[in-house]
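Enquirer: Pasting a predicted model and its sequence here:
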Amino acid sequence: MSVIKLYKGDCLNVLKAIDSNSIDLIFADPPYNLSGEDNLTTKNGKVAKLHKGNWDVIDNIHLFNETWLKESIRVLSNYGTIWISGTLHNHPSIGIILKKFGLWIINDVIWFKRNATPLLSKNRFAPSTELIWVASKSKKYYFDYDMAKKLNGGKQMKNLWEINAEKHKTIHPTEKPESLLERIVLIATKEGHTVLDPFMGSGTTGVVSKRLNRNFIGIEIDENYFNIAKTRIENEKNSPNLLSDLSNVIQIKFQSSLL
Ligand SMILES: C[S@@+](CC[C@H](N)C(=O)[O-])C[C@H]1O[C@@H](n2cnc3c(N)ncnc32)[C@H](O)[C@@H]1O
């Protein structure tokens, strides 16, 4: 059974109530900081709205990142890892702060979406990637290399992950694919470990953590998204025997997808 704790509130405050060195994995999908950009036109003439919501409009994004990351690093166990996803609009800031706080940057995982929306706008490449920083407080951190290999059909896993965007299960505009979180949770934790998501959104990390028998702490500031995440996580079942089944499923899904 996993222990699930969900907090409706600002992670800048809620994180302060979490014990130091108590978290095995932090998956953070913070505001993208792209909502000020113009919309893009897609190939079929539709407008791709870059405005994700008011939560994505932050005055001083670097200061915001520094504040939540400082507390996140405090609560992260010395053997844990922090994974932070985002696009070019935020990842330079995150990288600088990880270095400033003396974290060990383990990997930059490039998540490639082959099915990304094609663009009609001829002023840039069609965005199809997100970058996930992977970092730790020490060089001794939990990383299940064999699991990664197993999930990749028996071959060493590279830092380029091809995972297609999935049909959303909720109305959240930036809901992550469950298969992305399954991969991260399986590699970065074992059963009974505790996962924290300070920007829970629609609850994808919580759903996957519960499914895989990990404890979970989720924080979300928006009441509507909080309620969506709560219902979604409540409806998910712990699955004691899922691990072996899931490995097979993921293996098949990813077998032909990596370079
Ligand atoms: C990029 S989305 C996360 C999406 C999530 N990974 C999912 O799969 O649904 C970021 C979320 O962080 C929330 N948020 C923004 N600022 C916050 C803060 N200070 N504390 C807690 N949540 C915040 C937003 O409301 C939004 O739902």
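Expert: It's in.

Enquirer: Could you find the closest non-adjacent residue to whichever residue of the stretch 101-250 of the chain sits closest to the ligand?
Expert: The ligand sits closest to Gly201 of the stretch 101-250 of the chain, with a gap of 2.5 Å, by Cβ to the nearest ligand atom. Where you see a C-beta, it was placed from the backbone N, CA and C, and this is true even at glycine. Spatially, and ignoring its direct neighbours in sequence, Gly201 is nearest to His172 (5.1 Å; Cβ to Cβ, 6 or more residues apart in numbering).

Enquirer: quick one: the residue of the stretch 101-250 of the chain closest to the ligand is in a strand?
Expert: No: secondary structure assignment places Gly201 outside any strand; it is coil (DSSP: H, G, I helix; E, B strand; the rest coil).

Enquirer: pretty sure it contacts Phe226?
Expert: No: between Gly201 and Phe226 there is no contact under Cβ atoms under 8 Å: 9.4 Å.

Enquirer: Find residues that contact each of those two.
Expert: Glu220 (Cβ atoms under 8 Å, 6 or more residues apart in numbering).

Enquirer: Show me what the helix ranked longest in the chain is in contact with.
Expert: Assignment by DSSP state H gives helix 61-75 as the longest helix of the chain. The contact list for helix 61-75, computed with Cβ under 8 Å, 6+ apart, reads 11-12, 15-16, 18-23, 26, 28, 30-31, 33, 58, 82, 90, 93-94, 96-98, 100-101, 103, 137, 196, 198.

Enquirer: at 7 Å instead, please
Expert: 11-12, 15-16, 18-20, 22-23, 26, 28, 30, 33, 58, 82, 90, 93-94, 97, 101, 103, 137, 196, 198 (Cβ atoms under 7 Å, 6 or more residues apart in numbering).

Enquirer: contacts with the ligand among those residues, please.
Expert: Cys11, Leu12 (Cβ under 6 Å from any ligand atom).

Enquirer: Show me just the buried residues among the contacts of helix 61-75.
Expert: Buried residues within the contacts of helix 61-75, counting neighbours by 16 or more other Cβ atoms under 10 Å: 11, 15, 18, 23, 26, 28, 30, 33, 58, 82, 90, 93-94, 97, 103, 137, 196, 198.

Enquirer: Do you have the helices of the stretch 151-259 of the chain handy? List them.
Expert: 178-188, 204-211, 223-235, 242-254 (DSSP state H, counting those that start in this stretch).

Enquirer: want to throw the ones you listed into CSV with distance to Asn164 and mean pLDDT?
Expert: Shown next, in CSV, are the helices of the stretch 151-259 of the chain (distance: least, Cβ to Cβ, whole Å; pLDDT from 0 to 100):
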stretch, distance to Asn164, mean pLDDT
helix 178-188, 9, 98
helix 204-211, 15, 98
helix 223-235, 21, 97
helix 242-254, 10, 39
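
Enquirer: residues from the stretch 1-150 of the chain in reach of the ligand?
Expert: Residues of the stretch 1-150 of the chain lying near the ligand (Cβ under 6 Å from any ligand atom): Asp10, Cys11, Leu12, Asp29, Pro31, Trp55.

Enquirer: Next up, the contacts around the third one.
Expert: For Leu12, the set of contacting residues under the criterion of Cβ under 7 Å, 6+ apart consists of Thr67, Trp68.

Enquirer: Do you have the strands of the stretch 51-200 of the chain handy? List them.
Expert: Secondary structure of the stretch 51-200 of the chain (DSSP state E, counting those that start in this stretch): strands located at 76-86, 104-112, 129-136, 160-162, 194-197.

Enquirer: Need the winner for burial among those strands.
Expert: Across the strands of the stretch 51-200 of the chain, averaging neighbours per residue (mean count of other Cβ atoms under 10 Å) puts strand 194-197 on top, at a mean of 26.

Enquirer: Right, I'll leave it there.
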